[in-house]
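K.L.:
With the sequence up front, the predicted model follows.
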Number of protein chains: 2
Amino acid sequence: MKCKYCGCLESKVVDSRMADGSTSIRRRRECVRCGKRFTTLEIISEPAVYVIKKGGGRQEFDVQKIRSGIVKACEKRPISISKIDNLMIGIENKIRSLGQSEIPSEKIGDIVMDAIKDLDDVAYVRYASVYKEFKDIDTFMKEISEILNKKKNG
Amino acid sequence: MKCKYCGCLESKVVDSRMADGSTSIRRRRECVRCGKRFTTLEIISEPAVYVIKKGGGRQEFDVQKIRSGIVKACEKRPISISKIDNLMIGIENKIRSLGQSEIPSEKIGDIVMDAIKDLDDVAYVRYASVYKEFKDIDTFMKEISEILNKKKNG
DNA sequence: TTACAAAACACAATATATTGTATATAATTT
DNA sequence: AAATTATATACAATATATTGTGTTTTGTAA
């Protein structure tokens, strides 16, 4: 496991716990070279799902991309990494449970948006703004208004 | 690790390999109860630090880039690789300990410069000349004068 | 349709991880 | 601000994973 700090290839496990109702394992690792610690997550990964891009290109579904998209959307927001990971696992499960080997990227985006919606309003708007690419302004504005209304009235 | 087929909580590892250029570990697991196999992926789960470039661009922070910058600045200077690595580790720790998910590239540059300053004068000037891009000539000249004075008087 | 690459499979010798129990601290929620 | 939850920490006894070598299968590219 390449250390994210110094790139060293060796690290040893310092702690290891079941997480998310035993659907994953969270480990604490320590780099052999620099001694820095980092957290890892072991998740089930069935590589049979392909994402069909808008241009028609096909790419293997990669949770990490989903995760980094969510992480970006959550920047400076009070959302713990474990929450993001849980969300990611939920999204992955949902996508895989569709039982399809090919899924259009739009559908993936919709599923992720749906999941983020319940997590954090700001993150949701950020993600949506990137994902929808401002092409669908009407829907986007409607979504924002809905959130604002909910905040005002809720 | 909960089996994706029968939900059994116990599974054992049948095979384990580094994946994605050693950034993750791919395991093949076998459920203790139903005997079915599935693949898991262990990935790093930590808040990413992003570098905000001058133009506004965002890029994931990469120590190796810092390191290669220092190595270049130390060319033909009597500085061992382990010294550079130690410096790099210190820089990384400092940056991560800021606890921020977004850091302007200027700040990174300042931290690196500060670290190099104590390492080697020539390397420092070289690094500063690249990093400051001679835009901040006054400060740069002042820094050089300070170094020269320190050498003369110290 | 062949050729290449990635993933799955097997096995054996060695090295490392797991899990209960427990404390401290940071982050969220009320 | 207090209460709750999550994360990080430590240690020790036990159980399990890792990695080289090599073969086979499957999917993708030539």
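P.N.:
Yep, it's here.

K.L.:
Next to DNA strand C, which bits of chain A? Give me the list.
P.N.:
Residues of chain A lying close to DNA strand C by C-beta under 7 Å from any atom of the strand are A:11-13, A:15-18, A:25, A:27, A:29, A:47, A:78-80. (Each C-beta comes from the backbone N, C-alpha and C, glycine too.)

K.L.:
go again using 10 Å as the cut-off
P.N.:
Residues of chain A lying close to DNA strand C (C-beta under 10 Å from any atom of the strand) are A:1, A:10-18, A:22, A:25-30, A:32, A:40, A:42, A:45-48, A:60, A:74, A:77-84, A:119-120.

K.L.:
Out of the residues you listed, which are close to chain B?
P.N.:
Near chain B, judged by C-beta under 8 Å from any C-beta of the partner chain, the entries from the residues of chain A next to DNA strand C are A:1, A:18, A:22, A:25-27, A:40, A:42, A:45-47, A:81.

K.L.:
Which among the residues of chain A next to DNA strand C count as buried?
P.N.:
A:1, A:11, A:25-27, A:29-30, A:40, A:42, A:45, A:74, A:79, A:81, A:84, A:119-120 (16 or more other C-beta atoms under 10 Å in any protein chain shown).

K.L.:
Can you list which of these are found in strands?
P.N.:
Using DSSP state E, the subset of these located in strands is A:11, A:25-27, A:29-30, A:40, A:42.

K.L.:
Now the phi/psi pair for the residue of chain A found nearest DNA strand C, please.
P.N.:
Closest to DNA strand C within chain A is A:Ser16: 2.8 Å, counting by C-beta to the nearest atom of the strand. The phi/psi pair for A:Ser16 (degrees, to the nearest 10) reads phi -150, psi 120.

K.L.:
Can you give me the distance of the closest residue to it other than its chain neighbours to B:Asp20?
P.N.:
Take A:Ser16 and drop its neighbours on the chain: the residue closest to it by C-beta to C-beta, 6 or more residues apart in numbering or on different chains is A:Arg27, 4.8 Å away. In this view, A:Arg27 and B:Asp20 are 17 Å apart by C-beta to C-beta, to the nearest Å.

K.L.:
Then A:Asp15?
P.N.:
A:Asp15 is 24 Å from B:Asp20, by C-beta to C-beta.

K.L.:
Kindly report the same for A:Cys6.
P.N.:
18 Å.

K.L.:
now do A:Lys117
P.N.:
Taking C-beta to C-beta, one finds A:Lys117 at 30 Å from B:Asp20.

K.L.:
All set now, cheers.
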